[in-house]
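>>> no sequence on hand, only this structure:
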């Protein structure tokens with residue numbers, strides 16, 4: 001397949017799906033496609049099962065159109081495996097309809113109009129903004145209206161019931177975030193040093209069981225699969241699948257294959273389960289085989305947390321800003337004082353070197369704490385460089401996104417499959433665990449915030465990118481991209497009417513908000529609430545609730561951090 005062909009497949013797959021499902025038959029699953037719908041703040045906790053609603057049951061004498069409308073509304077009630085929704089179905093369909101096959105998400109307040117088609121059929125047009133598949137994977141949709149067809153039969157008592165319906169459910173956004181919640185599956189990076197989040201959306205009922213099944217018996221989301229590993233061998237499975245929870249402790253039962261697993265692997269399995277089930281409020285996990293407990297602990301993993309203080313360059317030097325005081329980075333602050341002026345900086349996790357773009361000629365390189373300065377890349381139009389946790393400095397020119405390179409002092413690695421079909425890239429940032437590269441790229445005139453998995457070997461040496469996934473559309477040029485935490489990324493977008501902030505959960509919803517005038521650089525912290533913004537007038541701002549507060553002035557460069565020393 002050519003690069004252009006790969007781009008169409010990877011970055012426009014949802015658009016293709018829209019066309020494919022227009023021929024939907026009544027026995028098919030719900031078509032999963034439509035545009036990003038803004039929602040809650042990134043990282044905001046969603047309602048739990050205490051908020052679940054009980055939809056209305058079928059009303060006596062209801063018309064076929066009213067039965068279909070009631071059935072769609074009942075999709076908001078997952079209690080007892082959507083028992084209320086099944087009341088709208090014939091006995092034959094009641095046992096075979098699968099509500100977990102997927103979710104079509106429509107805008108809040110959507111009014112659906114079922115239309116009779118002949119004597120025994122009803123069609124409903126839906127306008128998806130996003131979809132969730134059977135494995136809990138959330139995708140923004142590309143727009144369009146899709147028809148859903150329902151066949152009905154009149155029962156002996158004269159009441160209409162649905163005899164054929166697509167699997168899955170249709171929810172507006174408010175109903176979706178009431179019935180579903182975002183949970184995190186934890187995988188390892190290829191070096192087994194970091195835990196990597198894979199965000200999924202499951203009904204809030206029986207969430208621990210769904211999470212464990214996705215982790216133990218499932219696989220990572222497709223676009224990330226080549227960039228992470230799981231400790232669970234293929235031979236190990238849940239047995240039985242139910243995960244009971246009592247007083248915060250979850251019992252995860254595995255088949256007998258777990259008895260032959262070596263201790264190190266068991267400990268990694270325990271670590272993945274602990275981290276994954278914690279997103280459902282579980283405080284302790286016990287693995288079992290039959291009636292016997294599995295003896296396993298957790299393994300140490302590297303933290304991706306960064307210092308709370310902003311990292312800046314001013315006329316007084318380079319360091320962490322606390323109040324009006326600048327705390328230097330040992331060795332590196334002195335080295336940068338002797339180096340050429342820079343307009344972009346990123347600090348390595350161990351704080352022994354920084355990636356820099358030099359203001360004079362736009363070249364990029366590395367400044368070491370021992371004073372050594374190396375110019376890596378002198379190609380024209382380079383975007384701000386980014387560092388991975390294994391010592392590589394990543395560079396790419398704006399006009400040639402495919403020409404992505406990762407540099408170490410011994411030379412560059414050419415990164416394969418970098419942004420196929422993209423005509424431009426304006427900003428990029430590696431996640432602190434080094435498994436994902438986020439970027440603002442333009443393909444076919446459409447600018448998107450996209451994320452690709454990083455392909456590495458077990459020693460952390462990069463070789464390529466996986467196929468990218470679009471996580472959000474952008475309304476203009478982008479000056480900066482930054483990771484807000486392990487699961488969320490942000491872009492600073494020039495909409496023509498001033499800069500706007502796009503925040504996006506990778507595998508979830510996005511929001512857009514105002515930023516200070518002249519905003520040109522972002523630096524993430526340890527959560528979305530600690531995001532900092534730099535302006536072209538040298539101002540430094542931090543978000544306080546819905547507002548931005550200036551905390552410093554005279555800032556030449558707002559640097560980003562890629563972690564903390566071990």
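Structure's in. What do you need? Keep in mind that this is a model prediction, so the values were computed, not measured. Numbers count the residues shown, from 1 in each chain.

>>> can you list the domains in the protein?
3-179, 206-293, 311-561 (automatic domain parsing).

>>> now the last one: mean pLDDT?
So the one you mean is domain 311-561. Mean pLDDT, domain 311-561: 97.

>>> what's the span of that domain from first residue to last?
8 Å (C-alpha to C-alpha, to the nearest Å).

>>> so how far is it from its chain's centroid?
Between the centre of domain 311-561 and the centre of its chain there are 18 Å (C-alpha atoms, centre = their mean, to the nearest Å).

>>> show me the helices in the stretch 251-400 of the chain, by range?
With helices called from DSSP state H, counting those that start in this stretch, the stretch 251-400 of the chain shows them at 263-278, 332-338.

>>> could the ones you listed be laid out in TSV, adding mean neighbour count and distance to residue 212?
C-beta coordinates here come from the backbone N, C-alpha and C atoms, glycine included. Shown next, in TSV, are those (neighbours: other C-beta atoms under 10 Å; distance: least, C-beta to C-beta, whole Å):
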stretch	mean neighbour count	distance to residue 212
helix 263-278	21	7
helix 332-338	18	44
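
>>> where do the helices of this structure begin and end?
Ranges of helices in the chain, per DSSP state H, are 3-11, 13-21, 64-74, 79-86, 91-94, 173-179, 207-212, 263-278, 332-338.

>>> between the ones you listed, which one is nearest to residue 245?
helix 207-212 (5.4 Å; C-beta to C-beta).

>>> please work out the average pLDDT along that closest one.
Mean pLDDT, helix 207-212: 98.

>>> coming back round to it: just say which of the helices of the chain is most tucked in.
Compared across those, helix 207-212 shows the largest average neighbour count, a mean of 24 (mean count of other C-beta atoms under 10 Å).

>>> now do that one: distance to the chain's middle.
On C-alpha atoms, centre = their mean, the centre of helix 207-212 falls 19 Å from that of its chain.

>>> same question for stretch 73-86.
28 Å.

>>> and for stretch 87-95?
From the chain centre to the centre of stretch 87-95 is a distance of 36 Å (C-alpha atoms, centre = their mean).

>>> now do the longest strand along the chain: which elements does it pack against?
If you go by DSSP state E, the chain has its longest strand at strand 446-456. Where contact means 3 or more C-beta pairs under 8 Å, 6 or more residues apart in numbering; DSSP states H and E, strand 446-456 is packed against strand 436-443, strand 462-465, strand 469-473, strand 478-483, strand 488-494.

>>> okay, angle between the third one and strand 488-494 too, please.
Strand 469-473 and strand 488-494 meet at an angle of 50 degrees, taking axes from the mean of the first three to the mean of the last three C-alpha atoms, to 10 degrees as the criterion.

>>> tell me the strands beside strand 469-473, with direction?
Paired neighbours of strand 469-473 in the sheet (DSSP bridges): strand 446-456 (antiparallel).

>>> what's the answer for the fourth one, then?
The partner list of strand 478-483 in its sheet, established with DSSP bridges, is strand 488-494 (antiparallel).

>>> got the contact list for the partner strand?
Strand 488-494 is contacted by residues 42-43, 427, 429, 438, 440, 449, 451, 471-472, 474-484, 499-506, 515, 519-522, 524, 528, 531, 533 when judged by C-beta atoms under 8 Å, 6 or more residues apart in numbering.

>>> show me the strands in the stretch 301-450 of the chain, by range?
311-314, 317-322, 325-328, 342-347, 353-358, 364-368, 373-377, 386-387, 393-395, 405-408, 411-414, 424-430, 436-443, 446-456 (DSSP state E, counting those that start in this stretch).

>>> output the helices of the stretch 251-400 of the chain in CSV, with distance to residue 359 appended to each entry.
Below are the helices of the stretch 251-400 of the chain laid out as CSV (distance: least, C-beta to C-beta, whole Å):
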stretch, distance to residue 359
helix 263-278, 41
helix 332-338, 12
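
>>> tell me which of those lies nearest to residue 180.
Judging the helices of the stretch 251-400 of the chain by C-beta to C-beta, what sits closest to residue 180 is helix 263-278, at 16.7 Å.

>>> so which elements touch the closest one?
Counting by 3+ C-beta pairs under 8 Å, 6+ apart, helix 263-278 packs on strand 180-188, strand 195-203, helix 207-212, strand 249-254, strand 284-289.

>>> looking at these, spot the one closest to residue 264.
Nearest of the helices and strands packed on helix 263-278 (C-beta to C-beta): strand 180-188, 12.0 Å.

>>> who are the packing partners of that closest one?
Going by 3+ C-beta pairs under 8 Å, 6+ apart, strand 180-188 lies up against strand 195-203, helix 207-212, helix 263-278.

>>> what angle separates it from strand 195-203?
150 degrees.

>>> so how far is strand 180-188 off the chain centroid?
Relative to the centre of its chain, strand 180-188 is centred 10 Å away, using C-alpha atoms, centre = their mean.
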